[in-house]
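Novice: Structure, please.
(one chain, ligands or ions: 1)
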Amino acid sequence: MRAIFDSHAHYDDKAFDGDRDSLLSAMEEQGVGRIVNVGASLETTKRTLELTQKYPFVYGAAGVHPDETGELDEENFRWLEWAAGQEKIVAVGEIGLDYYWDNAPREVQQHWFRRQLQLAWKLDRPVIIHSREAAKDTLDIIKEEGGRDHAMVIHCFSYGVELARKYLDMGHDLGIGGVLTFKNAKKLKEVAAYAPLERILLETDCPYLAPVPFRGKRNDSTKISHVAEELARIKGVDIERVLEVTWENACRFYRV
Ligand code: NI
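Specialist: Coordinates of the predicted model:
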C-alpha cells in the first residue's frame, strides 16, 4: 500500500494528550508517511512548532483560525511572523472566516484574515483556508488580496460544485476528508466527482471528522484510507492510484 500524506491534522489537541507519542511514533509503520500539523491559535502554533521539531515526518502550518482572531495584536502578530518563517513550517493556516460560530466579530475576522494572507505572500508560503458559511466574503477577500497568484487549499471544502469551479479556476486546491464517507454528503461527493484528482488534498482535520465507520469517534491519520477508498470509488480508480496522486499533490502544494 502507498503511503498516506495527511495534509491537515491537529495533534496538538488535548484529545491526544493520553497517547500522542505512541500514536505518532507508530504512524510510519502504519503507512502514514507525512503529516502537516495545522496551527489554529498562537498556542497551537507553538505546539505545532514543537511537534515538527520532535518528529521528522511532521511539518507544520502557523496561523490563527477566525474563531481565535480576538487574541491577535501587533505584538503577538510579530511572533506569528517569526513562527511562520521557521524551517519546517510549510504554510500559513488555518486562516479565514467562520460565520457559523461568529466567535469573533466579523470585521475582526476579516482584518486578521487579510493580515495573515499578506504575511503568507511576504514569506512566500502556501495558505490553508478555513471558510464556513462565509462563501462570498472569503472569495472577495482572497481576490482583493491578490490570492489568484498564490497557492491555496480550501480546507474541509463544504460548498458546492459552482464554488469549487471558481477556486479550481484560480488554481487553488480542495481539501477533502472524512465527511466524504458520510451518507448525507451528497454535495461533497458531487464536488469530489467534479474536481480533478490532481487538485485534491486528503486530510483528517483530526481529532475531528472521523470517516465512516468511525464517525463520531476520535480521528487520526491512519483513517484516511477510508476517505481514499471512497474517493477511489467516486473516481473509478483504485485506492493505490488515489494515494499516489494525492501524495504528489500534497508534496507539490507544501513544497516538501
Ligand atoms: Ni483544521
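
Novice: Let me know whether I142 touches M152 as I believe.
Specialist: Yes: counting by Cβ atoms under 8 Å, M152 is a contact partner of I142 at 7.2 Å. The C-beta positions use only the backbone N, C-alpha and C, and glycine is treated the same way.

Novice: joint contacts of the two?
Specialist: 129, 170 (Cβ atoms under 8 Å, 6 or more residues apart in numbering).

Novice: So which residues of the stretch 51-200 of the chain form helices?
Specialist: Assigned by DSSP state H, counting those that start in this stretch, the stretch 51-200 of the chain shows helices spanning 74-84, 106-123, 135-144, 161-169, 186-194.

Novice: Make CSV from these and add mean neighbour count, mean pLDDT and distance to I200 to it.
Specialist: Formatted as CSV, the helices of the stretch 51-200 of the chain follow (neighbours: other Cβ atoms under 10 Å; pLDDT from 0 to 100; distance: least, Cβ to Cβ, whole Å):
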stretch, mean neighbour count, mean pLDDT, distance to I200
helix 74-84, 14, 98, 25
helix 106-123, 18, 98, 21
helix 135-144, 17, 97, 19
helix 161-169, 16, 97, 10
helix 186-194, 18, 98, 7
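
Novice: so can I have JSON lines of these showing distance to L49?
Specialist: Listed next are the helices of the stretch 51-200 of the chain as JSON lines, based on distance: least, Cβ to Cβ, whole Å:
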{"stretch": "helix 74-84", "distance to L49": "6"}
{"stretch": "helix 106-123", "distance to L49": "15"}
{"stretch": "helix 135-144", "distance to L49": "26"}
{"stretch": "helix 161-169", "distance to L49": "29"}
{"stretch": "helix 186-194", "distance to L49": "32"}
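
Novice: who wins for proximity to K217 among those helices?
Specialist: helix 186-194 (19.8 Å; Cβ to Cβ).

Novice: so what strands line up beside the very next helix or strand once past that closest one?
Specialist: Next along the chain after helix 186-194, taking DSSP states H and E as the criterion, comes strand 200-202. Here strand 200-202 has these sheet partners by DSSP bridges: strand 173-176 (parallel).

Novice: List the contacts of the strand it pairs with.
Specialist: So strand 173-176 is in contact with 7-8, 128, 151-157, 164, 167-168, 188, 191-192, 195, 199-203, 227, 231, 249, 253, going by Cβ under 8 Å, 6+ apart.
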